[in-house]
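**Q** Sequence and predicted structure below; questions after.
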Amino acid sequence: MVTSSDAAVRAVAPRSVVQLVTDEIRRSILSGALAPGQELSPRELAGMPEVSFTAVRTALRSLEDEGIVVTRPGRSAVVAPLDLAELEAVYRLRRTLEPELAGRACRIISNEELDRLEQRAAGFGGEQTGTDGAFEARQALHLDLLAPAATGWDIRILTTLWRAGERYVRMGLSRLEHAHDVHARLGGADGDLIGVFRRRDSAAVARAVRDCLERERKLARLSLSLE
């Protein structure tokens with residue numbers, strides 16, 4: 001008989017303290033609340049209620065793997081600086097992966113799923129959604145569009161790329177006078193993309209995805225005042 005203490009995988013809480021700390025630091029970085037180059041003192045972060053120094057160090061290592069934190073031996077970590085080469089690499093890799101996945105997914109995804117996603121896209125840009133919610137919703141929608149053709153590795157790689165690029169896009173949006181209108185237009189572009197999916201034309205879908213990525217890349221470059 002195998003007891004709970006002998007089980008290979010033990011039951012865990014839905015979200016550990018480490019995951020909560022990781023998510024909160026990530027949210028602060030992506031939203032711009034923690035600016036590029038800003039120091040992240042593990043000891044100060046560990047001063048939060050019920051947060052240990054070990055949990056903070058583990059969270060920072062995880063965020064370094066995502067490319068949004070830089071740790072320095074013997075010194076505090078910092079929010080990764082904005083970098084043109086990094087931004088262009090993110091979109092170069094996305095252009096390699098997403099059009100091909102989308103071209104295959106459009107032949108598999110059901111009409112019912114496209115109906116559901118189209119309804120979700122129509123709600124993007126609402127005031128009640130908030131910036132954090134809007135970005136999370138768009139990422140989830142694009143993941144659902146690609147999921148029929150994506151492997152676990154595709155999803156892991158794309159999630160890392162999306163997070164790395166998100167802060168550039170957010171900062172680019174902040175430089176525009178009508179950022180809320182841009183959110184609405186991004187949602188409209190998602191609706192248009194779903195319409196192309198309905199045609200089941202792989203080449204047309206791949207072109208549409210590349211066009212979406214190029215528009216987003218130009219918006220992201222505004223974070224560096226390059227457009």
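**A** Great, that's in hand.
**Q** neighbouring contacts of the host helix or strand of residue 112?
**A** Element membership for residue 112, per DSSP states H and E: helix 111-122. For helix 111-122, the surrounding residues in contact (Cβ atoms under 8 Å, 6 or more residues apart in numbering) are 137, 141, 144-145, 187, 190-191, 194-195, 197-198. C-beta coordinates here come from the backbone N, C-alpha and C atoms, glycine included.
**Q** What is the lowest-pLDDT residue among these?
**A** Across the set of the contacts of helix 111-122, residue 187 stands lowest in pLDDT, at 55.
**Q** Regarding residue 78, what is its secondary structure?
**A** Classification of residue 78 by DSSP: H, G, I helix; E, B strand; the rest coil places it in strand.
**Q** cool, the one 4 residues further on as well?
**A** Secondary structure, three-state DSSP: residue 82 is coil.
**Q** repeat for the one 10 residues further on
**A** Using three-state DSSP, the three-state assignment for residue 92 comes out as helix.
**Q** Roughly how far does it sit from residue 220?
**A** Residue 92 sits 13 Å away from residue 220, going by Cβ to Cβ, to the nearest Å.
**Q** same question, residue 65
**A** Look at residue 65 and residue 220: by Cβ to Cβ, they are 21 Å apart.
**Q** now swap in residue 191 and tell me
**A** Going from residue 191 to residue 220 by Cβ to Cβ gives 21 Å.
**Q** And the two? Which one has more around it.
**A** Taking other Cβ atoms under 10 Å, residue 191 and residue 220 do not tie; residue 220 has more neighbours (26 against 16).
**Q** which is the next helix or strand following the lowest-mean-pLDDT helix or strand in the chain?
**A** Ranking every helix and strand in the chain by mean pLDDT, DSSP states H and E puts helix 179-197 at the bottom, with a mean of 72. Following helix 179-197 in sequence order, the next helix or strand is helix 202-221 (DSSP H and E).
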